[in-house]
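> quick one, fold the following:
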Amino acid sequence: MLYPLFLTLHLFAALIFIGTVFFEVLFLGSIRKQLPAKVMLLVEQGIGQRARILIPWVLLVLFGAGSGMVWLRYVPVLATPLASSFGTLLMLKIVLAVSVLLHFMVAMYLFKSGRMNARYLHFIHGSLFCHMIGIVLLAKGMFYLTW
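Predicted structure coming up:
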């Protein structure tokens with residue numbers, strides 16, 4: 001009974017997090033060219049403030065539910081991840097997810113220390129975007145790819 005709950009929480013948190021990253025990369029990037037710099041600054045500040053409040057909670061649910069799913073169903077698979085295509089892809093997905101968490105922690109540190117700048121933010125968003133694509137492909141591939 002817990003696994004379906006963890007799966008549902010994990011999927012909703014993933015939708016929120018991935019949607020936020022995709023919005024920032026795909027929409028804000030092109031909107032920036034169409035709006036005056038002062039307006040864009042206000043938009044980015046507003047989105048950034050909301051994201052810094054909401055995203056830590058989203059990541060807590062995402063990683064908490066994901067950990068619960070692993071604990072309830074996938075520990076045996078991860079004991080020997082190279083023994084199956086499912087285990088290998090799951091392990092790669094977890095590695096990318098841990099990297100996402102590290103990206104977030106670095107970003108929070110840079111914001112809190114006052115060292116976050118546009119170049120760092122652009123790099124982090126681009127990297128997270130690539131990570132998200134990889135995680136989504138691995139999540140689906142785990143159930144459809146075999147070797």
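> which residues of this structure fall in strands?
Applying DSSP state E to the chain gives no strands.
> now the farthest one out in it, which residue is it?
The outermost residue of the chain, judged against the average C-alpha position, is residue 36 (29.7 Å), by C-alpha atoms, centre = their mean.
> gap between that residue and residue 42?
For residue 36, the distance to residue 42 (C-beta to C-beta, to the nearest Å) stands at 10 Å. In this view, the C-beta of every residue, glycine as well, is placed from N, C-alpha and C.
> going by neighbour count, list what's buried in the longest helix belonging to the chain.
Longest helix in the chain by number of residues, with DSSP state H as the criterion: helix 37-69. Residues 44, 51, 55, 58-59, 61-63, 65-66, 68-69 are the ones in helix 37-69 that count as buried (16 or more other C-beta atoms under 10 Å).
> okay, and the helix or strand of the chain with the least pLDDT?
helix 28-31 (a mean of 86; mean pLDDT, DSSP states H and E).
> what is that one packed up against?
Other elements packing on helix 28-31 under the criterion 3 or more C-beta pairs under 8 Å, 6 or more residues apart in numbering; DSSP states H and E are helix 37-69.
> try 7 Å
Packing partners of helix 28-31 (3 or more C-beta pairs under 7 Å, 6 or more residues apart in numbering; DSSP states H and E): none among the helices and strands.
> run the chain-centre distance for that helix.
20 Å (C-alpha atoms, centre = their mean, to the nearest Å).
> next one: stretch 88-104
9 Å.
> and that stretch, which residues are buried?
88-94, 96-97, 100, 103-104.
> coming back round to it: mind listing the shared neighbours of residue 36 and residue 42?
Here residue 36 and residue 42 have no joint contacts, going by C-beta atoms under 7 Å, 6 or more residues apart in numbering.
> before we move on, back to that, quick one: which of the buried residues of helix 37-69 is nearest to residue 108?
residue 55 (9.2 Å; C-beta to C-beta).
> confidence score at that closest one?
pLDDT for residue 55: 95.
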